[in-house]
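A.B. asks: Got a predicted structure here, sequence first:
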Amino acid sequence: MVTAILSIDKQVAAMKATWPLFAARRINRRAQSARWVGSVRPRYVSYLLEIRYGLGSFPEVRVLSPELIRLPGNSEGQLPHVYPPAEDPTLCLFDPREREWSPAMTIASTTVPWSLDWLVCYELWLMTERWTGGGRHAGSESAEATETMQ
C-alpha cells in the first residue's frame, strides 16, 4: 500500500491547527521545506524547540534553549539519544530503520508529541541518570547503523 507524501502546505496547516504557538519561521515552497519554532513545557522546564523539515527527509528537532545538560561519564552517554554534532544535537525521536516515521505522517501528530516524550525522558534522566525512553543506545551495532542512515 503506497501512501501519499504530504506537501509542505499540508504540514504547515497541520502544525498551525494543532500547535498554534509553533510559528512557521521559514516556509520555502520551491524547496518544499519549513522551519518552526515554539515553546513547550512537558513537565518541569519550558523548552524552545526548532523543527526543520524538507520533503523527502526526516524532521529534525533541536532544543534552542535552555542548553541541554550533559552528564560526563554517564553509562548511556553524556547526552543520550541525540544525533551529532555534540554542540548542536538533533533529538533521536524514532528509528528510521524501523520506518516509524514517513512523509505521509504529519509532523504535528508525530514529531511534536515525540519531542515532548523525549524531553520528559531527558528530565527524568537528569534526576536518575537512567534513560527510560527506550530506543537503541549509542555504541550498539544497530545504533551505529541507524546514525549513519540519517
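C.D. replies: The structure has been received and is ready for your questions.
A.B. asks: for the residue nearest to the spatial centre of the chain, what are its contacts?
C.D. replies: The residue lying closest to the centre of the chain (CA atoms, centre = their mean) is residue 61, at 3.7 Å. Neighbour list for residue 61: 49, 50, 51, 90, 91, 93, 111, 115, 118 [criterion: CB atoms under 8 Å, 6 or more residues apart in numbering]. Every residue, glycine included, has its C-beta placed from N, CA and C.
A.B. asks: Spatially nearest residue to it, not counting backbone neighbours?
C.D. replies: residue 91 (4.5 Å; CB to CB, 6 or more residues apart in numbering).
A.B. asks: Report how many residues lie close to the one you found.
C.D. replies: 22 (other CB atoms under 10 Å).
A.B. asks: gap between the helix or strand where residue 124 lies and the chain center?
C.D. replies: Using DSSP states H and E, residue 124 sits within helix 111-128. Offset of helix 111-128 from its chain centre (CA atoms, centre = their mean, to the nearest Å): 11 Å.
A.B. asks: Report all helices and strands that that helix contacts.
C.D. replies: strand 33-40, strand 47-54, strand 60-65 (3 or more CB pairs under 8 Å, 6 or more residues apart in numbering; DSSP states H and E).
A.B. asks: What average pLDDT does the last one get?
C.D. replies: Per-residue pLDDT values across strand 60-65 average out to 98.
A.B. asks: Let me know the angle separating that strand from strand 47-54.
C.D. replies: In terms of direction (axes from the mean of the first three to the mean of the last three CA atoms, to 10 degrees), strand 60-65 departs from strand 47-54 by 150 degrees.
A.B. asks: Quick one: mean pLDDT for the next helix or strand after strand 60-65?
C.D. replies: Remark: after strand 60-65, the chain's next helix or strand is strand 82-83, criterion DSSP H and E. The pLDDT scores in strand 82-83 average 93.
A.B. asks: Turn the contacts of residue 61 into CSV, including pLDDT and distance to residue 69.
C.D. replies: CSV is the format used below for the contacts of residue 61 (pLDDT from 0 to 100; distance: CB to CB, whole Å):
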residue, pLDDT, distance to residue 69
49, 98, 16
50, 98, 18
51, 98, 21
90, 95, 17
91, 96, 14
93, 95, 19
111, 97, 23
115, 97, 17
118, 97, 14
